[in-house]
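A.B. asks: give the three-dimensional model of this entry:
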Amino acid sequence: EVQLVESGGGLVQAGGSLRLSCAASGFTFEDYSFGWFRQAPGKEREGVSSISSGDDSTYYSGSAKGRFTISSDIAKSTVYLQMNSLEPEDTAVYYCAAILGAVAGDTPESGAMDFWGKGTLVTVSS
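C.D. replies: Numbers count the residues shown, from 1 in each chain. This next block holds a predicted model:
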């Protein structure tokens, strides 16, 4: 059974940090690229960051660049999103997703992803 399980969300004050984790199982981790997406109340889901299979190329949205860092640990089949300098505008449910093969140029559209986790809520207070 394919599973992506996110953890690490919570309530944090503005300026604080969180590290999200995404534990993958049920498929060959190293064959997939991974992305973090988020959806704030009343807004569409948006891509935040991605990491490509093969060369571990990383991509960030404009709002994430310089503040967030995506990484992966093949031995643990886990993808991370380190989020620093959090702002209230970062409040959202954060989802991990996987897509077969490498990605290039930008985080794929959410509709292209093969597998999804159920999400973890991040709330940033002002």
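
A.B. asks: and the strands in this protein?
C.D. replies: Taking DSSP state E, the strands of the chain run over residues 3-7, 10-13, 18-25, 32-39, 46-51, 58-60, 68-73, 78-83, 92-100, 115-116, 120-125.

A.B. asks: tell me which of these is the most buried.
C.D. replies: strand 32-39 (a mean of 25; mean count of other Cβ atoms under 10 Å). Just so you know, the C-beta spots here come from the backbone N, C-alpha and C atoms, and that holds for glycine as well.

A.B. asks: how about the nearest residue to Tyr60, chain neighbours excluded?
C.D. replies: Nearest non-adjacent residue to Tyr60, counting by Cβ to Cβ, 6 or more residues apart in numbering: Ser49, 4.9 Å away.

A.B. asks: so what's that neighbour bridging to?
C.D. replies: Trp36, Tyr60 (DSSP bridges).

A.B. asks: for Thr107, which of the strands of the chain is the nearest?
C.D. replies: Counting by Cβ to Cβ, Thr107 lies closest to strand 46-51 out of these; the figure is 3.6 Å.

A.B. asks: put the alpha carbons of stretch 63-82 into CSV.
C.D. replies: Extracted C-alpha coordinates of stretch 63-82, given in CSV (Å, rounded to 0.1, in the frame of the first residue of the first chain):
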residue,chain,number,x,y,z
SER,A,63,7.5,32.9,-1.2
ALA,A,64,9.5,29.9,0.0
LYS,A,65,12.9,30.8,-1.5
GLY,A,66,15.4,31.8,1.1
ARG,A,67,13.3,30.6,4.0
PHE,A,68,12.4,27.0,3.3
THR,A,69,14.7,24.1,2.5
ILE,A,70,13.6,20.7,1.1
SER,A,71,15.7,17.6,1.5
SER,A,72,15.4,13.9,1.4
ASP,A,73,16.9,10.9,3.2
ILE,A,74,16.8,7.8,1.0
ALA,A,75,17.8,5.5,3.8
LYS,A,76,14.7,6.6,5.8
SER,A,77,12.4,7.1,2.7
THR,A,78,11.6,10.5,4.1
VAL,A,79,11.4,14.0,2.7
TYR,A,80,11.7,17.1,4.8
LEU,A,81,10.8,20.7,4.6
GLN,A,82,12.6,23.0,6.9
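
A.B. asks: all set, thanks.
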